[in-house]
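J.: got a structure for you, letters missing:
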């Protein structure tokens with residue numbers, strides 16, 4: 001089970017240049033709105049046609065611009081869960097599921113099987129307008145499973161759901177995907193969803209693949225500024241190399257020691273807000289990467305405190321986030337505080 005995609009598509013104000021290969025498992029496609037995530041899925045499904053490249057699924061060529069191959073969507077055997085689920089409003093639940101079934105002789109058995117798997121037996125005569133968002137999604141997934149597609153593509157599967165329903169549907173979908181056993185592409189702008197569901201993650205930025213890595217690598221050691229931002233890191237600074245393991249963080253106005261040797265292509269550093277450590281003033285002289293900052297701002301969230309820190313003449317503040325339980329402190333805006341930036345938590349980034 002493998003999907004190979006290497007395509008380009010040009011628009012007047014946007015160009016898509018996507019290149020990736022994935023085998024059995026769930027591949028997350030992470031990117032901001034308008035970066036090309038949905039266009040990529042539509043090209044794979046045959047709804048959009050790339051200008052160049054090829055798409056190969058399980059050894060079968062779906063598209064090849066050089067060989068003039070471009071299979072119709074009906075011949076690609078792809079299960080595509082649209083953001084709005086695309087159920088037929090004039091059909092009830094079991095009729096919607098039946099649409100994708102290819103083996104007509106076994107239609108009734110297949111419908112019954114997926115009505116049971118997706119807990120839809122009591123809703124089989126209901127129409128889409130009478131279903132909740134979560135129920136509509138289950139019907140759309142049942143239709144895809146019943147069609148025995150070679151790949152499942154999920155386009156922002158939770159975007160239409162409120163927070164409480166979203167969590168319930170997430171739990172249900174996680175169980176269902178374990179039954180699928182084939183390639184899954186999971187598109188989202190939400191890093192938490194991607195982290196919970198996916199084994200590997202491709203990051204798209206402005207139509208281009210900027211990162212392809214395991215889940216662990218993306219969140220622990222992203223390799224580019226775009227990937228780092230999309231993974232949720234809030235702290236970035238341009239750097240100047242001082243020595244092999246020492247750099248000047250230009251925007252923060254501090255020198256920092258790192259664990260990896262700084263290469264010529266490294267242009268930025270990043271560190272996550274929860275990795276910064278508040279330390280005693282005495283630690284400043286005994287440890288590395290301990291700096292005294294001025295508290296620029298204090299922001300109270302539901303479960304945490306965000307502290308914006310700034311050095312004198314710095315272009316940017318640094319964000320530190322701690323739980324409310326930990327923040328037993330009488331510090332106020334304008335006070336100074338000592339903070340450690342652990343060298344093993346700092347990552348080097350290229351453009």
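T.: The structure has been received and is ready for your questions. Quantities reported herein were computed from a predicted structural model and do not represent experimental measurements. Numbering: from 1, shown residues only.
J.: how much space between residue 117 and residue 82?
T.: According to Cβ to Cβ, to the nearest Å, residue 117 stands 21 Å off from residue 82. Every residue, glycine included, has its C-beta placed from N, CA and C.
J.: any weak-confidence spans in the protein?
T.: In the predicted model of the chain, residues 160, 283, 328 satisfy pLDDT under 70.
J.: quick check: domain ranges of this structure?
T.: The record's domain split for the chain, according to automatic domain parsing, is 2-225, 233-349.
J.: Let me have the ones you listed in JSON lines, extended by mean neighbour count.
T.: JSON lines is the format used below for the domains of the chain (neighbours: other Cβ atoms under 10 Å):
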{"stretch": "domain 2-225", "mean neighbour count": "17"}
{"stretch": "domain 233-349", "mean neighbour count": "16"}
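J.: State which helix of the chain is the longest.
T.: Counting residues, the longest helix found in the chain (DSSP state H) is helix 163-180.
J.: ok, residues contacting that helix?
T.: Outside helix 163-180, the residues that touch it by Cβ atoms under 8 Å, 6 or more residues apart in numbering are 26, 117-118, 132-134, 137-138, 141, 145, 152, 157-158, 161, 184, 193, 196-197.
J.: Just the ones in strands from those, please.
T.: 26, 152, 184 (DSSP state E).
J.: Adding distance to residue 88, write those residues out as TSV.
T.: As requested, these are exported to TSV (distance: Cβ to Cβ, whole Å):
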residue	distance to residue 88
26	28
152	20
184	24
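J.: which of these lies closest to residue 305?
T.: residue 26 (34.8 Å; Cβ to Cβ).
J.: which residues does the closest one form a beta bridge with?
T.: Beta bridges link residue 26 to residue 184 when assigned by DSSP bridges.
J.: Would you mind measuring from it to residue 43?
T.: 20 Å.
J.: do the same with residue 110
T.: Residue 110 is 29 Å from residue 43, by Cβ to Cβ.
J.: now do residue 281
T.: On the measure of Cβ to Cβ, residue 281 and residue 43 end up 57 Å apart.
J.: what do you get for residue 184?
T.: Following Cβ to Cβ, the distance that separates residue 184 from residue 43 is 17 Å.
J.: Same question for residue 175.
T.: For residue 175, the distance to residue 43 equals 30 Å [Cβ to Cβ].
J.: Please apply the same query to residue 246.
T.: Residue 246 sits at a distance of 45 Å from residue 43 (criterion: Cβ to Cβ).
J.: just to revisit the earlier point, taking the contacts of helix 163-180 one by one, which sit in helices?
T.: 117, 133-134, 137-138, 141, 145, 193, 196-197.
J.: Out of the residues you listed, the closest to residue 219 would be?
T.: So of the ones in helices among the contacts of helix 163-180, ranked by how close each gets to residue 219 (Cβ to Cβ), first place is residue 196, at 11.9 Å.
J.: and the closest one, what is it in contact with?
T.: Counting by Cβ under 8 Å, 6+ apart, residue 196 has contacts 170, 174.
J.: Try it again at 7 Å.
T.: For residue 196, no contacting residues are found, by Cβ atoms under 7 Å, 6 or more residues apart in numbering.
J.: Equivalent analysis for residue 4, please.
T.: 21, 56.
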